[in-house]
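1. I would like to see how this sequence folds:
(8 chains, ligands or ions: 12)
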8 protein chains.
Amino acid sequence: LRNGYPEVIYSPGKTLDQIKGIVENMMKRSKGNILASRADRDVFEAIKSVTSDAIYYEAARSVVVKREEYKTTDDYILVVTAGTADIPVAEETAVTATVMGNQVKRLYDVGVAGIHRLLDNVAIINHAKTVIVVAGMEGALASVVGGLCDKPIIAVPTSIGYGANFGGISALLGMLTSCASGIAVVNIDNGFGAACMASKINKL
Amino acid sequence: LRNGYPEVIYSPGKTLDQIKGIVENMMKRSKGNILASRADRDVFEAIKSVTSDAIYYEAARSVVVKREEYKTTDDYILVVTAGTADIPVAEETAVTATVMGNQVKRLYDVGVAGIHRLLDNVAIINHAKTVIVVAGMEGALASVVGGLCDKPIIAVPTSIGYGANFGGISALLGMLTSCASGIAVVNIDNGFGAACMASKINKL
Amino acid sequence: LRNGYPEVIYSPGKTLDQIKGIVENMMKRSKGNILASRADRDVFEAIKSVTSDAIYYEAARSVVVKREEYKTTDDYILVVTAGTADIPVAEETAVTATVMGNQVKRLYDVGVAGIHRLLDNVAIINHAKTVIVVAGMEGALASVVGGLCDKPIIAVPTSIGYGANFGGISALLGMLTSCASGIAVVNIDNGFGAACMASKINKL
Amino acid sequence: LRNGYPEVIYSPGKTLDQIKGIVENMMKRSKGNILASRADRDVFEAIKSVTSDAIYYEAARSVVVKREEYKTTDDYILVVTAGTADIPVAEETAVTATVMGNQVKRLYDVGVAGIHRLLDNVAIINHAKTVIVVAGMEGALASVVGGLCDKPIIAVPTSIGYGANFGGISALLGMLTSCASGIAVVNIDNGFGAACMASKINKL
Amino acid sequence: LRNGYPEVIYSPGKTLDQIKGIVENMMKRSKGNILASRADRDVFEAIKSVTSDAIYYEAARSVVVKREEYKTTDDYILVVTAGTADIPVAEETAVTATVMGNQVKRLYDVGVAGIHRLLDNVAIINHAKTVIVVAGMEGALASVVGGLCDKPIIAVPTSIGYGANFGGISALLGMLTSCASGIAVVNIDNGFGAACMASKINKL
Amino acid sequence: LRNGYPEVIYSPGKTLDQIKGIVENMMKRSKGNILASRADRDVFEAIKSVTSDAIYYEAARSVVVKREEYKTTDDYILVVTAGTADIPVAEETAVTATVMGNQVKRLYDVGVAGIHRLLDNVAIINHAKTVIVVAGMEGALASVVGGLCDKPIIAVPTSIGYGANFGGISALLGMLTSCASGIAVVNIDNGFGAACMASKINKL
Amino acid sequence: LRNGYPEVIYSPGKTLDQIKGIVENMMKRSKGNILASRADRDVFEAIKSVTSDAIYYEAARSVVVKREEYKTTDDYILVVTAGTADIPVAEETAVTATVMGNQVKRLYDVGVAGIHRLLDNVAIINHAKTVIVVAGMEGALASVVGGLCDKPIIAVPTSIGYGANFGGISALLGMLTSCASGIAVVNIDNGFGAACMASKINKL
Amino acid sequence: LRNGYPEVIYSPGKTLDQIKGIVENMMKRSKGNILASRADRDVFEAIKSVTSDAIYYEAARSVVVKREEYKTTDDYILVVTAGTADIPVAEETAVTATVMGNQVKRLYDVGVAGIHRLLDNVAIINHAKTVIVVAGMEGALASVVGGLCDKPIIAVPTSIGYGANFGGISALLGMLTSCASGIAVVNIDNGFGAACMASKINKL
Ligand SMILES: Nc1ncnc2c1ncn2[C@@H]1O[C@H](COP(=O)(O)O)[C@@H](O)[C@H]1O
Ligand SMILES: Nc1ncnc2c1ncn2[C@@H]1O[C@H](COP(=O)(O)O)[C@@H](O)[C@H]1O
Ligand SMILES: Nc1ncnc2c1ncn2[C@@H]1O[C@H](COP(=O)(O)O)[C@@H](O)[C@H]1O
Ligand SMILES: Nc1ncnc2c1ncn2[C@@H]1O[C@H](COP(=O)(O)O)[C@@H](O)[C@H]1O
Ligand SMILES: [Mg+2]
Ligand SMILES: [Mg+2]
Ligand SMILES: [Mg+2]
Ligand SMILES: [Mg+2]
Ligand SMILES: [Mg+2]
Ligand SMILES: [Mg+2]
Ligand SMILES: [Mg+2]
Ligand SMILES: [Mg+2]
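-> Ligands and ions are numbered 1, 2, ... in the order given. Here you go, the predicted structure:
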């Protein structure tokens, strides 16, 4: 497989029949796991009708056709969120990274409006091999984590917010112009992409 | 005077002769102080040639025709900056608020990339009557101060930054969409406007 | 409670079960009032099923679990709107400020296209401790009130408008670039945020 | 001449030699007046070297080759500005309309931050045949004049402002989304275009 | 009535009960006609239940409570469209101008991609007192009409288009930056506003 | 050479020494012509010091090291401009296409504000093999030519304009959303790119 | 017919009755084929009820009233896509070009993330008379094809993508600023327009 | 030092005297190297006057006060550019990473318009520990490298380009929406930030 990832299907814009066909093809072509991302329950049911190995990770909107145990690593990727509304993107990240064979830890709801909850968790942040910060609104959490931690940080802006937030642009611009260094950014709500980058780093 | 402020001249787009004329008129009309904002050294020299009472606050790019002592208050307005490059805007704020008769304190260079310097100063923040946060880049400092402090916070985005910062838009959007509540925002680099708002609050 | 506010739940993006759980938790943790903002009637019914203390302020899209009388103040916050379409945001502001223990007055439908109705009400504007101006379209009301009144003004742009209004951006830019000074701005439709800022000011 | 206007040269992007040539050609082709807009002093000197009939209207940055008296009208076009910084655009408008044979009156520096100066002048506004409102910043003056006056209003946003003003976009959007009706808008700083429209209306 | 217009109700964002109440109030206050704009069939039925004088102009999405004959004028306002998809906005303009007591003529579907149909109609364009050009896509029709006609032109950009049209922004920018002079622009899809401006001009 | 073009140097951002070195290298590598685009007079002098074959096309800001006669074609590419200010971009196009071995004709200053000059030239437009339309402001010329002509049209938006023109964006959006079909667009001011496309088409 | 195309109906915003009427009119006026673009199944049923010659190309969302055989050409137009989600736009292009009498070949799903699949197909690309590249996301495929091929390339950005893709703007900007030359661009998702341009080129 | 980096001075907006003072302070505080980024020759001369250990890396616009040998690593960071104009940003990256103690290799001028030069270098790309892709225009190089290589990729959009490039926005959006996965992005022209991220990864 290209880049050592499992086979991946991006579900939006595909009919259930197309998805079933793609899964069947992939199952013939290799023996590895298959990940369908951005999948609603209908996609899960469709895949389930093709193979009983399908598992649905609802919070992550992800289906895995689990044909072998996930591998894991000694080092862990840490997924951090600012608020509860950021959790679906964070779970997409966490499940994707897990399927790709990484140990993953979660630290949710530590946004900067209550900075002490974040400061209480500095140890788990600094012991990670790489940190993924998932935040909407103004995305300030990436800057604060960037100032506390010397590991590579992948920032994921989310579309959470309203008004002059523009579907995640405020968080995206905030993360790109962050005053902390050693942060790189993926597209808005791109939990999958952050997991790919983190997995590549974690396996170096 | 409207709104209890000193007479104010916004210097850009006026010739030195126009500025001299306006100062002479104002001096005839009242006995109070006069503030010329966004003033370079040439503006200062021009006003100086009209009245020896002119003082130049270089870092604030402000001229004051000081004809009576500034009043002051028991409560103070606190002006906080993220970086050194934000200081010119902060000084415009501080000098304006001072001329308007307020006690002003400064807390500079406490950006979130080095969060502990900020946390060491929580007391001075919480004892202020109102806090003005001046920050460029992603403007995350406003959110963090907003989470630490229960006083009204006026956020001033600055045009400091580069790339996807768009002359201060990244900080402006960050401050408007801040996850902390009790923050209101003025225009980019509008140190003068922040001082007006803070002065109104401080004198309630 | 952080910042002296009641407990607050931002309803969008939460399931009814999650909201019920949060309310039950909050009721155990403290004896104060609870405010659920951006709440439709379903959210109200859900909270009502948990506690008979729930009240629905429909125009404000707000639920209050009222377990103690609202406090009030001698000074009042004035909420001003340009048009009738701005009233839902204004009511969110007014109810939030009331629950936070402030006296609130309303002055609705005094937009600048009929300037005399506004001028007839200058007294109630100038006797307020702080004024919240809620306006969509071009947001000009904030500038005119700013020119008439020497109290701190919090401007709330609304998403009311069409065409080159961009969901409230025209009002937001108008308020940020206002020729009147002593105005600070919150995010589009952010009635809640304006109430937080006004409440902090009103209680100084 | 097309549309009954004098011959017009838009100066930017033309060399002095090109401008001289165009003036000479136009003088051969007709006996009417010639207007060179957006002309700095160099352009004036160049045209002066071709014909002693050239006059320089400095505040309007306009040169007129005046070969016959300007006509005039009984009705007048009123040009209103919010601030002094808007005067160059207003003068371009006023001079252009004058050269096109209209009576023009001026009412400058009546911005909404000091609304009473505007209200004191309602009569001169309502007696005009058409009103041109020239304003930068948030452009609120157009809305207020629109509410006071039943004549056609042409709004000219200017590029005066800073920060989230975007070179006049804040005023442009404000004028386009104005809550007052019977207002039409020309491009930013387009004093010339406003005069053309007003002149067409004034001569109906 | 302010500005000599009929009473007007902008329907969006009002409940049917609110609209009925407003109509009843207006009917008590004066004897003139009433116009409800942006009205769907439900709004019509609601008004119809209050007064049998209600008429529905479906293509214009406008209801008129017609209590007296429309006045008319000798001069006419001409409404021109580029395509059929622009007709709803054009009809809103035409009906509004008619109710305001103007003679209105229509010239539809003369877009510049088939320029000869437009050129065949130059006479009706030049005999109008004022011309309203309604066009979406790139809005080029306004420029071409502007070059053919010496009457005041009011350009109405419509939201017709797709892709890089941005809900009418391409037409709006095209009309604002038109190379023809004597054109003024109203907001996207603002047929009502164009009619107000044209009516003011037509009655001078 | 890739794509059959002469060797090309894009001058901006290169030192004169670098340009001299590149020209010397290219002259060793092949015997064909060399084109340096976006070249000011200094670049010409530098190249001239390396080879006496250098020619400067000033209006096109292009240098050609002419080592063999330009080829030509029976069919011609027609370059059309709206205004005189568009001529530098048009000349870059025309010279580039000429050096690439095409017959080129020019039709300048036929903008839609004076549509008859354009209509008088329909024959030369329709006899071309491909037409390049160069226009700034609102770019309406592309739509009108598109409606008159059945040959492939390449539209070049120019940065000519002011205010809400945004450095050519108004023309770019107008051309992309044109109501005429069979038009394709290149980047703002990209006369070079239009010539490449036209040359490929002309030589089919 | 203008420009040698079949009669075309752009379906969006027309009622089924209007479409039926237009088809009947066109059938009376000429004997050629008719194409209805952006047509859903309802549009097909409506046209089918008028004439049994209607064919539905579902993937292309196009209806053809096929009254004569499509012509064809010896040279072919090649339609290339980056991903499967781009296929609806590509099919609109391919069907449109076919109906216009061109031979069309397809090369789908050769995006740059798997560059070797593209490189394996260089021959079919270079033997085409013109190449249409249909791609969403960042649109990089246009640049890579532009570097491999010396034929005219028409790039069609699609609205496929999410986050900072802005409904196709990322692909549009990428294609306009492409480092490869000899590429021209049509509007987002404008498969029809690309086919018109390609057909004009193919028939030269 | 925070994050294990050398002391860093961001030069823009600091006077030469301020820079000298900061260098002197840093030299007292530690014995490590000091990097002044975005430094022109004047900054170098100023630092040279304070310490003879100053070295100027002109192409990288960087000054190093080299007080100890740079460390290095067995693994290397690869810096790739699309064009020559991207080299200044690439050199800032390369020098910064070198000073931070990393082995750095360079692969310049391998843009996708000439894809074979890139394909000839696949081995050096895949043997790197992490790859930094520096590209302007449409930024397509990041996608192509992302498809060829299974190492973490840091994409740096540059401000190189013109027209609808918007100072690097086209490359930024292209890189964010890339169809290849495992790419993360830093701000426009932020060579320094890319080096920080790569150094953190390289030292894991
Ligand atoms: N209507 C509202 N508009 C904006 N922010 C709000 C609103 N209601 C609540 N909030 C904020 O959201 C926080 C609660 O968010 P959550 O924990 O997600 O329920 C509160 O502390 C407020 O700061
Ligand atoms: N100051 C101005 N602002 C906008 N348009 C102008 C201005 N002055 C002249 N024009 C227009 O430019 C045309 C002349 O352009 P040109 O032929 O390039 O000199 C005139 O016919 C006017 O329509
Ligand atoms: N005036 C121009 N506008 C746009 N692109 C150009 C221009 N001149 C040259 N180019 C492109 O830039 C390439 C040369 O770039 P360089 O190697 O940096 O000199 C050529 O192959 C052309 O594709
Ligand atoms: N070239 C650069 N680009 C972006 N950020 C930089 C650059 N150079 C330094 N920095 C950042 O700026 C900080 C120093 O800022 P200052 O204290 O203002 O000198 C460093 O810690 C870096 O995070
Ligand atoms: Mg929370
Ligand atoms: Mg600092
Ligand atoms: Mg109202
Ligand atoms: Mg003034
Ligand atoms: Mg039509
Ligand atoms: Mg001209
Ligand atoms: Mg695919
Ligand atoms: Mg190169």
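2. and A:Glu68, how many neighbours does it have?
-> 10 (other CB atoms under 10 Å in any protein chain shown). For every residue, glycine as well, the C-beta is placed using N, CA and C.
3. distance of the residue lying closest to it once chain neighbours are set aside from A:Leu16?
-> Computed as CB to CB, 6 or more residues apart in numbering or on different chains, the closest residue to A:Glu68 that is not its neighbour in sequence is A:Asn33, at 6.3 Å. In this view, A:Asn33 and A:Leu16 are 21 Å apart by CB to CB, to the nearest Å.
4. And A:Ala184, by the same measure?
-> Distance of A:Ala184 to A:Leu16, given as CB to CB: 36 Å.
5. Among those two, which residue is more densely surrounded?
-> A:Ala184 (30 against 14).
6. tell me the secondary structure for that one?
-> At A:Ala184, secondary structure determined by DSSP: H, G, I helix; E, B strand; the rest coil is strand.
7. So it versus A:Ile169, what's the distance?
-> Using CB to CB, A:Ala184 is found at 18 Å from A:Ile169.
8. same question, A:Asp74
-> On the measure of CB to CB, A:Asp74 and A:Ile169 end up 38 Å apart.
9. More neighbours: those two, which one.
-> Regarding A:Asp74 and A:Ile169, a neighbour count based on other CB under 10 Å identifies A:Ile169 as having more, with 22 against 7.
10. List of residues touching the helix or strand encompassing that one?
-> Assigned by DSSP states H and E, A:Ile169 belongs to helix A:169-176. With CB atoms under 8 Å, 6 or more residues apart in numbering or on different chains as the test, helix A:169-176 has contacts from A:135-140, A:142-143, A:155, A:157-158, A:160-161, A:164-165, A:183, A:185, A:187-188, B:138-140, B:163-166, B:169-170, B:173-174, B:176-177, G:163-164, H:172, H:176, H:185-187.
11. okay, that helix in PDB with CA atoms only?
-> Presented in PDB, the C-alpha positions along helix A:169-176 are these (Å, rounded to 0.1, in the frame of the first residue of the first chain):
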ATOM      1  CA  ILE A 169     -11.400  30.200   8.900                       C
ATOM      2  CA  SER A 170     -10.800  32.100  12.200                       C
ATOM      3  CA  ALA A 171      -9.200  29.000  13.800                       C
ATOM      4  CA  LEU A 172      -7.300  28.200  10.600                       C
ATOM      5  CA  LEU A 173      -5.800  31.700  10.400                       C
ATOM      6  CA  GLY A 174      -5.100  31.700  14.100                       C
ATOM      7  CA  MET A 175      -3.100  28.500  13.900                       C
ATOM      8  CA  LEU A 176      -1.200  29.500  10.800                       C
END
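12. ok, and does that helix reach over to ligand 1?
-> No. Among the residues of helix A:169-176, none lie within reach of ligand 1 under CB under 6 Å from any ligand atom; the closest is 13.8 Å away.
13. just the angle between that helix and helix B:169-176, please?
-> Orientation check (axes from the mean of the first three to the mean of the last three CA atoms, to 10 degrees): helix A:169-176 against helix B:169-176 gives 120 degrees.
14. tell me the mean pLDDT for helix A:169-176?
-> The pLDDT scores in helix A:169-176 average 96.
15. Who's the closest spatial neighbour of the residue in chain A positioned nearest to chain C, skipping the chain neighbours?
-> Chain C sits closest to A:Gly163 of chain A, with a gap of 3.3 Å, by CB to the nearest CB. Once flanking residues are discounted, A:Gly163 sits nearest to C:Ile188: 3.3 Å by CB to CB, 6+ apart.
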